[in-house]
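A.B. asks: take this sequence and fold it.
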Amino acid sequence: MDTNSLIILGLLIGLLASTVPVFMALFFTGMVGLVWGIGIDPQIVVEVLYRSMDKFALVVVLFFVLCGNIMTTGSIVEKLIKTANALVGFLPGGLAMAGVLACGFFGAISGSTVATVVAIGGFMIPALIENDYDEKFSVGIMTTAPILGIIIPPSISMILYAMVSNDPLEALFLTGFIPGVLIMFSMSVYAYFFCKKRGLKPLPRPSGRELRATLKESIWALCLPVIIFGGIYSGLFTANEAAVVACFYAFFVEIFIHKDMKLRDVKKVIVSSAITSSTLLIIVAGASVFGEYLTFEQIPDKIANAVVDSIQSPWVFLLAVNVLLLVIGMFMDVISATLILTPIFLPLLSKFGINTMHFGLLMTINLGIGYCTPPLGVSLYISGATVDRNLIYVSKAVIPFLLIQIGILLVMTFWPDLVLLLPKLVYG
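C.D. replies: Alright, predicted model coming up:
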């Protein structure tokens, strides 16, 4: 890279390391690079900002954010947890398994790790501790299990990745099911043996009548992911339409069936969702300006050529990228990292013959793990606040579960056919 590019890169790193908001750091460095570094008309920046917002794919993000807020305001989350507890709560470590399963249920609707930590972790961590589970174990499992929120579709990070890579979103969603199930299974097995070794008494096994009553009570909540995925993969509606249908369904259920949300709460939920969505959109806008600068300077192609000259094996490349993304995930949120790094990595994938959907899943898992790694892992701070513990305590608590997730990440890295199994079965 030339001197100007190095200056711009240094400016971006310096701003990100300071207290400057991410979207401003991206916008300012992109603006400086385009106007000062390249000398283009500043009006181009305005056009870039407009184009970045004029994307239909962003609609699905906004409505899934709204859907998640509806569920946390009403009682859908509570009913999902109750169902999960009825299914596995009687096993050793069953309450912890129920928390993991509930994260999977919630992730299949919300598409957000942070929302899953708040909704499921905020409820389950105190419940686990009250039922004599080890506090560190409880914090660890309920801080890391919410990664399922962005692995099991719908996933906000996958939506943004598909927006940049032009992969079919419905097919990309399918890559998340197998690793999501593997993470749920592996963490549940760990919980089983951890709690059995410590002699923790499981909850009583529910009778058939109790189980049927729980499922009957939760049927409307359980139908939500069925409607989303059944509609998408039956061809009844697109992913964008599925998000809108999910919102209307959740509103209807919470207001008229569960009756745990009042009409006066609708305004509060919509405003809260609008604030969350606008935060995301300004990051998209800032990243688009910086991305335009990268495109003008052909930096992704230069990086691709440099990497190909030094690394010949696609497996070595993927391993190196995993390490890089894990480190980046410690300092940058998933949305910003996805929008900044995807244009840089895409030219490399074709040179190494790596499927873009396979890489999209790996990026999602890597950056999702970043939610649970210090110093800036958001999930660590949310869980720490729940039990009034500091960052060091929570960081130690998550280590066993992060090792499980990294192990599954490596399996997904070196077994691409497993990642792409469902997309190939459904779409050929």
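A.B. asks: gap between Val316 and Ile344?
C.D. replies: Distance, Val316 to Ile344, using CB to CB, to the nearest Å: 18 Å. Where C-beta positions appear, they are placed from N, C-alpha and C, glycine not excepted.
A.B. asks: who has more neighbours out of the two?
C.D. replies: Between Val316 and Ile344, counted using other CB atoms under 10 Å, Ile344 has the larger neighbour count: 15 against 12.
A.B. asks: my guess is Phe352 contacts Trp315, does it?
C.D. replies: No: with contact defined as CB atoms under 8 Å, Phe352 does not reach Trp315; the gap is 9.2 Å.
A.B. asks: these two: which has the busier surroundings?
C.D. replies: Higher neighbour count among Phe352 and Trp315: Phe352, with 19 against 12, using other CB under 10 Å.
A.B. asks: ok, now which ones touch the spatially closest residue to that one that is not a sequence neighbour?
C.D. replies: Closest residue to Phe352 apart from its sequence neighbours, by CB to CB, 6 or more residues apart in numbering: Pro314 at 4.0 Å. Contact analysis of Pro314 by CB atoms under 8 Å, 6 or more residues apart in numbering lists 352-354.
A.B. asks: what of Gly111?
C.D. replies: Per CB under 8 Å, 6+ apart, neighbours of Gly111: 61, 64-65, 68, 149-150, 153-156, 159.
A.B. asks: I'd like to know which of the residues you listed are part of helices.
C.D. replies: Among the contacts of Gly111, DSSP state H puts 61, 64-65, 68, 149-150, 156, 159 in helices.
A.B. asks: among those, which ones are buried?
C.D. replies: 61, 64-65, 68, 149-150, 156, 159 (16 or more other CB atoms under 10 Å).
A.B. asks: would JSON lines of those with distance to Phe193 be doable?
C.D. replies: Converted to JSON lines, those look like this (distance: CB to CB, whole Å):
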{"residue": "Val61", "distance to Phe193": "38"}
{"residue": "Phe64", "distance to Phe193": "35"}
{"residue": "Val65", "distance to Phe193": "37"}
{"residue": "Gly68", "distance to Phe193": "32"}
{"residue": "Gly149", "distance to Phe193": "25"}
{"residue": "Ile150", "distance to Phe193": "27"}
{"residue": "Ile156", "distance to Phe193": "33"}
{"residue": "Ile159", "distance to Phe193": "36"}
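A.B. asks: closest to Val100 among these?
C.D. replies: Gly149 (12.1 Å; CB to CB).
A.B. asks: isn't the closest one up against Phe105?
C.D. replies: No: with contact defined as CB under 8 Å, Gly149 does not count as touching Phe105 (10.5 Å).
A.B. asks: where does this structure have its least confident helix or strand?
C.D. replies: helix 299-310 (a mean of 73; mean pLDDT, DSSP states H and E).
A.B. asks: the helix or strand following it versus helix 299-310: what angle between them?
C.D. replies: Using DSSP states H and E, the helix or strand that directly follows helix 299-310 along the chain is helix 314-329. For helix 314-329 against helix 299-310, the angle by axes from the mean of the first three to the mean of the last three CA atoms, to 10 degrees is 130 degrees.
A.B. asks: hey, C-alpha coordinates of helix 314-329 in PDB?
C.D. replies: These are the backbone C-alpha positions of helix 314-329, laid out as PDB (Å, rounded to 0.1, in the frame of the first residue of the first chain):
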ATOM      1  CA  PRO A 314      -6.500 -22.700   1.400                       C
ATOM      2  CA  TRP A 315      -6.500 -24.600   4.800                       C
ATOM      3  CA  VAL A 316      -3.600 -22.500   6.100                       C
ATOM      4  CA  PHE A 317      -5.400 -19.400   4.900                       C
ATOM      5  CA  LEU A 318      -8.600 -20.300   6.700                       C
ATOM      6  CA  LEU A 319      -6.700 -21.100   9.900                       C
ATOM      7  CA  ALA A 320      -4.900 -17.800   9.700                       C
ATOM      8  CA  VAL A 321      -8.200 -16.000   9.000                       C
ATOM      9  CA  ASN A 322      -9.800 -17.700  12.000                       C
ATOM     10  CA  VAL A 323      -7.100 -16.400  14.300                       C
ATOM     11  CA  LEU A 324      -7.300 -12.900  12.800                       C
ATOM     12  CA  LEU A 325     -11.100 -12.800  13.200                       C
ATOM     13  CA  LEU A 326     -11.000 -14.000  16.700                       C
ATOM     14  CA  VAL A 327      -8.600 -11.200  17.600                       C
ATOM     15  CA  ILE A 328     -10.700  -8.600  15.700                       C
ATOM     16  CA  GLY A 329     -13.800  -9.900  17.500                       C
END
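A.B. asks: that one: what's the following helix or strand?
C.D. replies: Counting by DSSP H and E, what follows helix 314-329 is helix 334-352.
A.B. asks: in that following helix, what's buried?
C.D. replies: Buried residues in helix 334-352, counted by 16+ other CB under 10 Å: 334-343, 345-349, 352.
A.B. asks: what's the most distant pair in those?
C.D. replies: It's Ile335 and Phe352 that sit farthest apart of the buried residues of helix 334-352, by CB to CB, at 25.7 Å.
A.B. asks: correct me if wrong: Leu224 contacts Phe248.
C.D. replies: No: between Leu224 and Phe248 there is no contact under CB under 8 Å: 11.1 Å.
A.B. asks: quick one, which of those two is more surrounded?
C.D. replies: Higher neighbour count among Leu224 and Phe248: Leu224, with 21 against 12, using other CB under 10 Å.
A.B. asks: excluding chain neighbours, what is closest to the more buried one?
C.D. replies: Ile109 is the one closest to Leu224 (CB to CB, 6+ apart), at 5.5 Å.
A.B. asks: mean confidence score for the host helix or strand of that neighbour?
C.D. replies: Assigned by DSSP H and E, Ile109 falls within helix 94-110. Mean per-residue pLDDT for helix 94-110: 88.
A.B. asks: list the buried residues for that helix?
C.D. replies: Buried-residue list, helix 94-110, by 16+ other CB under 10 Å: 94-110.
A.B. asks: I'm done for today, thanks for sticking with me.
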